[in-house]
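In: pasting a predicted model and its sequence here:
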Amino acid sequence: MSDARFADADPAPLALMAGDAEDLTVISALAQDAVLSVTDIGYDPRHRQLALLLNRFRWEDADHARREGRPYERVRAVLLVSDVQKVQSDGIDRHDTDLILELLALNWQPGEDGTGRLLLEFAGDGTLAVEAECLNVELRDVTRPYIAPSRKAPQHPET
């Protein structure tokens, strides 16, 4: 079976920006359950950017895949946070190059004069805390979709 193609997908590759908490809610939902290696996280203090290369579950296509009886898809995507002042991690060993992370949510904690703190929350209680001059987040698909290796949609236990 071959990989899926953007031409077969509806909608087209994602390219979204968040400048406020409402926009961030959309990006958080679409990035939920993305997986990445700890080595796929890069922070460039000179350019004040944090980038994560995600293997994003295509939530926007999940209902179509289920109805059509075809496999679920993932896509490689870049999550880019700009205007970063500082990045801290808690519960994430950045030196463990075999560590795989699962992104659960992005949450914005506003501060004074537009500044704030962006929390990237991962399964297993890991968190990246990003002090930012303002909320400036992009999510952009950068490859063709591919069949999810598990062929299943991520599951979340009821609480």
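Out: Ah, there it is.
In: next SSE after the strand or helix carrying Leu128?
Out: For Leu128, the element it lies in under DSSP states H and E is strand 126-132. Remark: after strand 126-132, the chain's next helix or strand is strand 137-141, criterion DSSP H and E.
In: name the helices or strands packed onto whatever helix or strand comes next after that next one?
Out: Sequence-wise, the next helix or strand downstream of strand 137-141 (DSSP H and E) is strand 146-147. Secondary structure elements in contact with strand 146-147, counted by 3 or more CB pairs under 8 Å, 6 or more residues apart in numbering; DSSP states H and E, are strand 73-82. Where you see a C-beta, it was placed from the backbone N, CA and C, and this is true even at glycine.
In: buried set for the following helix or strand past the strand it packs on?
Out: On the C-terminal side of strand 73-82, the closest following helix or strand by DSSP H and E is strand 84-90. Within strand 84-90, the residues that count as buried by 16 or more other CB atoms under 10 Å are Val84, Val87, Ser89.
In: what is Gly116 paired to in the beta sheet?
Out: Taking DSSP bridges as the rule, Gly116 bridges to Pro110, Ala132.
In: my guess is it contacts Leu135, does it?
Out: Yes. The pair formed by Gly116 and Leu135 meets the contact definition of CB atoms under 8 Å, at 6.3 Å.
In: settle it for me: which of those two has more neighbours?
Out: Shown here are Gly116 and Leu135; by other CB atoms under 10 Å, Leu135 has more neighbours (24 against 18).
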